[in-house]
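J.: build me a structure from this.
(one chain, ligands or ions: 1)
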Amino acid sequence: MNDQPTLRDMPKRLYRATPTRLLAWLDCPRRYRFTYLDRPPPPKGPPWAHNTVGAAVHNALAQWWRLPREARTVIRSRALVTEYWSADGFRDADQAAQWHEHAQDMVERYVSGLDPDDEPRGVERTVSTIHEGVALSGRIDRVDERGAELVVVDYKTGRHVLGIDDARSSLALAVYAAAVSRTLRRPAHRVELHHLPSGEVVAWEHDDHTIARHLDRAAEIAAECEEADDAFRAGATGDEWFPPRPSPLCGWCDYRQHCPEGAAASPARAPWSALTPPATNHTPTSE
Ligand code: SF4
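T.: Presented below is the predicted three-dimensional model:
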């Protein structure tokens, strides 16, 4: 008798994906192909100013927590924004300078509400979990420790005001909760969106059932991605597998210049056009 394992006996290779990748597939298969499969990828359009603001704020907050306890001051938080600042995407030097200051204000206001002794369990922490043959991973802005549970904290710098539904329905946040729990071996059900421009915190308390539902959904999307990836490797690069999905959002797509359907669906946006003009009673915001 032949005891050699056959291909059918071999364990199936894990498909690896981040929530960002899965959501890119849902949003637009052509953009997914440009982003994750074409190598080299097509050149992107110019950088977005709102991404510059978001990156500087995220980096400053992460670095603030990495400082020694005595250095975690409000003043230092402003300096950190400067450390990570760039003028990418802004109309001109004046606009960049104005937004540099807005970003500093936003971080200062947020940090002034933090307790520097309240050490997070993780900052920009990469976590992963496995569900239905899919290895799901992601990097979380902050993981807090509250009682026996861990809490997923995601910073938002966009101009859109957030609601409970944004936290409840977020596939990424639910996957992160499951991944935090598995990686750090503590329960994690609460997910929070910290909207820096408004100072609002939007939270949702998952239970095991709602997290499992999100994980099932992630596995379903991953199965589609895996099939599309295989097709791409076999030479299928056209619309049959990777159709465009034109919408008004195409104006924000980094690959719009390579996509006639997307270009027809939405006018090109100036790189600074997602910045909201300063208001008198709150800090201006970026996407
Ligand atoms: S421009 Fe629109 S349709 Fe084209 S790749 Fe980007 S998101 Fe997809």
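J.: what lies in contact with the strand or helix carrying residue 151?
T.: Take DSSP states H and E as the rule and residue 151 turns out to sit in strand 149-156. For strand 149-156, contacts defined as CB atoms under 8 Å, 6 or more residues apart in numbering pick out 57-58, 61, 120-121, 140-145, 162, 172-173, 176-177, 180-181, 184, 186-196. In short, each C-beta sits where N, CA and C put it, glycine included.
J.: assign a three-state SS to the closest residue to the ligand within the stretch 151-287 of the chain, would you?
T.: At 2.0 Å from the ligand, residue 262 is the closest residue in the stretch 151-287 of the chain, using CB to the nearest ligand atom. Of the three states, residue 262 takes helix according to DSSP: H, G, I helix; E, B strand; the rest coil.
J.: so what's it closest to, chain neighbours aside?
T.: Nearest residue to residue 262, sequence neighbours excluded (CB to CB, 6 or more residues apart in numbering): residue 250, at 3.6 Å.
J.: list the contacts of that neighbour.
T.: 256, 259, 261, 262, 263, 265, 266.
J.: ok, now residue 122?
T.: Neighbours of residue 122 in contact, by CB under 8 Å, 6+ apart: 140, 142, 143, 180, 184.
J.: in PyMOL, how would I select just the buried ones from the residues you listed?
T.: Buried members of the contacts of residue 122, defined by 16 or more other CB atoms under 10 Å, are picked up in PyMOL with:
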select buried, resi 140+142+143+180+184
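J.: can you tell me which two in the contacts of residue 122 are farthest apart?
T.: 142 and 184 (12.8 Å; CB to CB).
J.: for the stretch 1-150 of the chain, which segments count as helices?
T.: With helices called from DSSP state H, counting those that start in this stretch, the stretch 1-150 of the chain shows them at 19-27, 29-32, 49-66, 74-83, 93-111.
J.: which one of those is the most hemmed in?
T.: Comparing the helices of the stretch 1-150 of the chain by mean neighbour count (mean count of other CB atoms under 10 Å), helix 29-32 ranks first with a mean of 23.
J.: contacts for it?
T.: Residues from elsewhere that reach helix 29-32, judged by CB under 8 Å, 6+ apart: 21, 24-25, 225, 228, 239, 241-245, 253, 255, 259, 262.
J.: so which of the helices of the stretch 1-150 of the chain is nearest the ligand?
T.: Here helix 29-32 is closest among the helices of the stretch 1-150 of the chain (CB to the nearest ligand atom), at 3.9 Å.
J.: between the longest strand belonging to the chain and strand 149-156, how big is the angle?
T.: Criterion DSSP state E: the longest strand present in the chain is strand 134-146. Taking axes from the mean of the first three to the mean of the last three CA atoms, to 10 degrees, one finds strand 134-146 and strand 149-156 inclined to each other by 100 degrees.
J.: how far off centre is strand 134-146?
T.: 11 Å (CA atoms, centre = their mean, to the nearest Å).
J.: ok, stretch 36-46 next?
T.: 19 Å.
J.: could you tell me which residues of this protein lie near the ligand?
T.: With CB under 6 Å from any ligand atom as the criterion, the chain comes near the ligand at residues 28, 30-31, 244-246, 250, 253, 255-256, 259, 261-262.
J.: may I see the ChimeraX selection of the buried members of those residues?
T.: To isolate the buried members of the residues of the chain next to the ligand in ChimeraX, using 16+ other CB under 10 Å:
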select :28,30,31,244,245,246,250,253,255,256,259,262
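J.: would you reformat the residues of the chain next to the ligand as TSV and include pLDDT?
T.: Below are the residues of the chain next to the ligand laid out as TSV (pLDDT from 0 to 100):
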residue	pLDDT
28	98
30	98
31	98
244	98
245	98
246	98
250	97
253	97
255	98
256	97
259	98
261	98
262	98
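J.: can I get the residues of the chain next to the ligand in CSV including distance to residue 83?
T.: Listed next are these as CSV, based on distance: CB to CB, whole Å:
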residue, distance to residue 83
28, 35
30, 37
31, 32
244, 39
245, 38
246, 39
250, 34
253, 30
255, 31
256, 32
259, 36
261, 41
262, 36
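J.: name the SS class of the closest residue to residue 205 other than its chain neighbours, please.
T.: Excluding the flanking residues, the one nearest residue 205 by CB to CB, 6+ apart is residue 190, at 5.2 Å. Put simply, residue 190 is strand when judged by three-state DSSP.
J.: run a quick neighbour tally on residue 190.
T.: Residue 190: 19 surrounding residues under other CB atoms under 10 Å.
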